[in-house]
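Trainee: just coords:
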Ligand code: ADP
Ligand code: MG
């Protein structure tokens, strides 16, 4: 399965890999102290060279390989070194599940940490961040490299320190929110992030593709119109599908018919449903969407009395995300849940643009090749396939296609029963919680014991444990696609984990009398001691005893697990069943990739039906026609090349459809992103500047310049002069000014501005020293933030508006860019003027 590209890439780096291994052999003889000194030595080498220097890479990778060996007893494979090189070049390393990507990331992380700018390793959830950070801490303790970890529960103060570490593990959403929050900070001390230098993104397709369809948003509440939602909900109940409105499943939209419009206006007793001042239409459409297109336990679940979004294709639960523009509230009305205030966006960013803030990014995943074009276009990353360490023996069987969805599920259930009977571990991937539950019910009827995983965030730890066990005899596991991602399935079970569970009991027995607070951390450190225990060391009787037990358990389970593994391999290894084609081939491949880990045998097969969502919505009549022509009965699966081709075509249509959505989101966000960068830069300048007086004077001079331009363009209209005087709060006679030429007038006003501001400063300084600087900062930040938030609102309106008129010859994106530019310039002008106006009028009222 080695394709040409990977063959080339491995060839191209063959020499480097050879050198790393030679160096590694040499470094092996270093005592720990000398190994740790490598970091200083490499930093020195780097100071007179750069990160692209092959020699430094070779030595850094070799050093790390040895540190990994000392900490874990594992020796990196050549393909892992190759993966590290690819990552260091800012590309995506496609390495299959179970190939050891966690360790691969450490190679470029170490090398780039030598630059002292910090390296971020991004994971999809807190559990993985913590798991991987703990491993990394162990390894990097040999190299004097500090490893940080940020999860949802990390406080702001701790975050600041964790970000300062050489390498920091963090999830994509924590990273994004920290970025947005930092740019809303009022005090310099509140800023927690440093530079965005280098990011390594694990499960990169999940983060940069699956999650890239919805931006990250920080929002604040506004007033709500509860009764609007409830009334609209009532109306939508009365309206009839296909008579009053039509439903377009593909674009997830509903459209009122003329009759429907009349009906609404009559019920609501209004003249015009589309009145901008009284925008009922928005509420009605959202209620209809809630009624027809957003279904409970499919598109959302109710959790803690809240509507929680379920990602439609991955089945993953998106805590804290809300549908925008009133849709979420319409669903709350439908479910009779407290309607939360409609949110005003205070700050937002897409993942695309967040990660483009880094000087260098790279990523790793088992599945990226199918989305290569997108990675290339948007992130300028190449996808490079790394061959597996051992040859992949998994058999991917041809699809079984049923006419009817129910029959499909029945066949799946019976397949599970058969597998259970012979003891073969089977993993069934579903696209939604709803479908997982359906299958679970069927299996219960057949009396097949099974585990059900839903990728609920609160279950992640538990689910990872279950996934780890999914390779054991007689184990049937149903999981939505995201469940347990990042944890690999080991045939016959994970020996180490099994022993650890058991030895814990012994430790509790042995130590309980002495150590009264025997928590997990302590137990783990005891386990570590037991493992490292050598017979020469005979001080601690308890440890000797435990060490003996440990060794016995190890012998026992190594044998048991191996027997079990052999048994399962005889049956064909892990069997993965897909129950529906996904949004993209990539996600199908992810599911298949659960099986056939590190050269194990395995099988995968998809069970499909023509009633599956994807085919119904994107297949068109073509597929239906094929079936009718084939004239087959309902219960037998169909195998037809023509059909498979049509299914492939439908899936490709879906891929293209979602790519377009992401691309569009990206292109539109890019416009606002450049503005965001400019605003954030200005903000940061103010925040970190001690002498903000300069900013005020600069704003004042700019304002004078702009106003004078208008003044001279408008034939020296007196009204404009009056405005300037009012704005600057200076005492001058307009007549006197009117006689001046443009250069004279400008320097006169600039001078007046300074004088008047000096007076203000002296006055305030007397009353309360230092106050003026605080006031300046306050006004500047307040005005920028307020104007920016209003600007974001206007921009999203603009986007909608552009969408409505996007017929004709113009490219809507060009229109959007032009209009957006004007809005931005207006905002900047407005900020300067209001700041000047406010500052010039600030007075201190000392309360008695
Ligand atoms: P991936 O992220 O690629 O799916 P992981 O990093 O989770 O894989 O590693 C899977 C398993 O492989 C882990 O148990 C890890 O300890 C093991 N592993 C990684 N590298 C090696 C190696 N060089 N030799 C032996 N085992 C390894
Ligand atoms: Mg992984």
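Mentor: Nice, thanks for sending it over. Owing to the predicted nature of the structure, the values given are computational and were not obtained by experimental measurement. Ligands and ions are numbered 1, 2, ... in the order given.

Trainee: tell me the residue of the stretch 351-500 of the chain that sits nearest ligand 1?
Mentor: At 4.8 Å from ligand 1, residue 488 is the closest residue in the stretch 351-500 of the chain, using C-beta to the nearest ligand atom. Just so you know, the C-beta spots here come from the backbone N, C-alpha and C atoms, and that holds for glycine as well.

Trainee: once you drop chain neighbours, what's closest to that residue?
Mentor: When the adjacent residues along the chain are set aside, residue 488 lies closest to residue 98, with 4.1 Å between them (C-beta to C-beta, 6 or more residues apart in numbering).

Trainee: let's verify residue 416: helix, strand, or coil?
Mentor: helix (DSSP: H, G, I helix; E, B strand; the rest coil).

Trainee: in the stretch 101-250 of the chain, which spans are helices?
Mentor: In the stretch 101-250 of the chain, the helices defined using DSSP state H, counting those that start in this stretch lie at 101-113, 126-140, 156-164, 172-182, 204-208, 226-238.

Trainee: could I get those as CSV with mean neighbour count, mean pLDDT and distance to ligand 1?
Mentor: Below are these laid out as CSV (neighbours: other C-beta atoms under 10 Å; pLDDT from 0 to 100; distance: least, C-beta to the nearest ligand atom, whole Å):
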stretch, mean neighbour count, mean pLDDT, distance to ligand 1
helix 101-113, 26, 98, 3
helix 126-140, 20, 95, 8
helix 156-164, 15, 95, 22
helix 172-182, 20, 94, 16
helix 204-208, 27, 93, 12
helix 226-238, 18, 90, 45
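
Trainee: need those in JSON lines with distance to residue 428, can you?
Mentor: JSON lines is the format used below for the helices of the stretch 101-250 of the chain (distance: least, C-beta to C-beta, whole Å):
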{"stretch": "helix 101-113", "distance to residue 428": "25"}
{"stretch": "helix 126-140", "distance to residue 428": "22"}
{"stretch": "helix 156-164", "distance to residue 428": "38"}
{"stretch": "helix 172-182", "distance to residue 428": "28"}
{"stretch": "helix 204-208", "distance to residue 428": "20"}
{"stretch": "helix 226-238", "distance to residue 428": "36"}
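
Trainee: so what's the single nearest residue of the stretch 1-150 of the chain relative to ligand 2 closest to, chain neighbours aside?
Mentor: Here the residue of the stretch 1-150 of the chain nearest ligand 2 is residue 101; by C-beta to the ion that distance is 4.6 Å. Nearest residue to residue 101, sequence neighbours excluded (C-beta to C-beta, 6+ apart): residue 364, at 4.8 Å.

Trainee: tell me how this protein divides into domains.
Mentor: 9-218+351-385, 223-341, 393-494+567-639, 667-841 (the TED database).

Trainee: gap between the shortest one and the chain center?
Mentor: This points to domain 223-341. Here domain 223-341 is found 27 Å from its chain centre; the criterion is C-alpha atoms, centre = their mean, to the nearest Å.

Trainee: can you name the next helix or strand after the longest helix belonging to the chain?
Mentor: Longest helix in the chain by number of residues, with DSSP state H as the criterion: helix 641-688. Later in the chain than helix 641-688, the nearest helix or strand by DSSP states H and E is helix 693-713.

Trainee: in the very next helix or strand once past that next one, what's buried?
Mentor: Downstream of helix 693-713, the first helix or strand assigned by DSSP H and E is helix 718-728. Within helix 718-728, the residues that qualify as buried by neighbour count (16 or more other C-beta atoms under 10 Å) are 720-721, 724-725, 727-728.

Trainee: looking at these, which is nearest ligand 2?
Mentor: Using C-beta to the ion, those come closest to ligand 2 at residue 727, 58.9 Å.

Trainee: how about the contacts made by that closest one?
Mentor: 703, 707, 833, 836-837, 840 (C-beta atoms under 8 Å, 6 or more residues apart in numbering).

Trainee: mind redoing it with 6 Å?
Mentor: Contact analysis of residue 727 by C-beta atoms under 6 Å, 6 or more residues apart in numbering lists 836-837.

Trainee: how near is it to residue 777?
Mentor: 21 Å (C-beta to C-beta, to the nearest Å).

Trainee: can you check residue 137 too?
Mentor: Counting by C-beta to C-beta, the gap from residue 137 to residue 777 is 39 Å.

Trainee: could you do residue 519 as well?
Mentor: From residue 519 to residue 777 the distance is 46 Å (C-beta to C-beta).

Trainee: more crowded one of these two?
Mentor: Neighbour totals were compared for residue 519 and residue 777, and residue 777 leads with 19 against 8 (other C-beta atoms under 10 Å).

Trainee: the more buried one is in contact with residue 691, isn't it?
Mentor: No. At 10.6 Å, residue 777 does not count as touching residue 691 under the criterion of C-beta atoms under 6 Å.

Trainee: columns distance to residue 550 on top of the domains of the chain, output as a markdown table?
Mentor: Formatted as a markdown table, these follow (distance: least, C-beta to C-beta, whole Å):
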| stretch | distance to residue 550 |
| --- | --- |
| domain 9-218+351-385 | 15 |
| domain 223-341 | 38 |
| domain 393-494+567-639 | 16 |
| domain 667-841 | 54 |
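
Trainee: ok and the residue in this structure nearest ligand 1?
Mentor: For the chain, C-beta to the nearest ligand atom, closest residue to ligand 1: residue 100, 2.6 Å.

Trainee: quick one: the longest strand along the chain to helix 641-688, angle?
Mentor: Assignment by DSSP state E gives strand 601-609 as the longest strand of the chain. Orientation note: strand 601-609 sits at an angle of 100 degrees relative to helix 641-688 (axes from the mean of the first three to the mean of the last three C-alpha atoms, to 10 degrees).

Trainee: any weak-confidence spans in this structure?
Mentor: Within the chain, the stretches with pLDDT under 70 are 1-9, 221-225, 274-279, 312-314, 343, 512-517, 532-539, 800-801, 803-809, 843-848.

Trainee: got the residues of the protein near ligand 2?
Mentor: 101, 486 (C-beta under 5 Å from the ion).

Trainee: change it to 8 Å
Mentor: 97, 101-102, 128, 132, 202-203, 364, 486-488 (C-beta under 8 Å from the ion).

Trainee: if we can go back for a sec, columns distance to residue 198 on top of the buried residues of helix 718-728, output as TSV?
Mentor: Formatted as TSV, the buried residues of helix 718-728 follow (distance: C-beta to C-beta, whole Å):
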residue	distance to residue 198
720	52
721	54
724	49
725	53
727	46
728	47
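
Trainee: quick one: the residue of the stretch 1-150 of the chain closest to ligand 2 from residue 469, how far?
Mentor: The value you get for residue 101 to residue 469, if C-beta to C-beta is used, is 21 Å.

Trainee: tell me how far the longest helix of the chain lies from the chain's centre.
Mentor: The answer for helix 641-688 is 13 Å, by C-alpha atoms, centre = their mean.

Trainee: on that earlier part again, which one of the buried residues of helix 718-728 sits closest to residue 438?
Mentor: Closest approach to residue 438 among the buried residues of helix 718-728 (C-beta to C-beta): residue 727, at 67.3 Å.

Trainee: how far away is that closest one from residue 738?
Mentor: 17 Å.

Trainee: what does residue 31 give?
Mentor: For residue 31, the distance to residue 738 - C-beta to C-beta - is 85 Å.

Trainee: looking at the two, which has the bigger crowd around it?
Mentor: Taking neighbours as other C-beta under 10 Å, residue 31 and residue 738 compare with residue 738 leading, 12 against 8.

Trainee: so what does the more buried one look like in phi/psi?
Mentor: With angles defined as degrees, to the nearest 10, residue 738 sits at phi -60, psi -30.

Trainee: separation between the closest residue to residue 271 other than its chain neighbours and residue 674?
Mentor: With sequence-adjacent residues excluded and distances taken as C-beta to C-beta, 6+ apart, residue 271 is closest to residue 265, at 6.8 Å. Separation of residue 265 from residue 674 (C-beta to C-beta): 43 Å.
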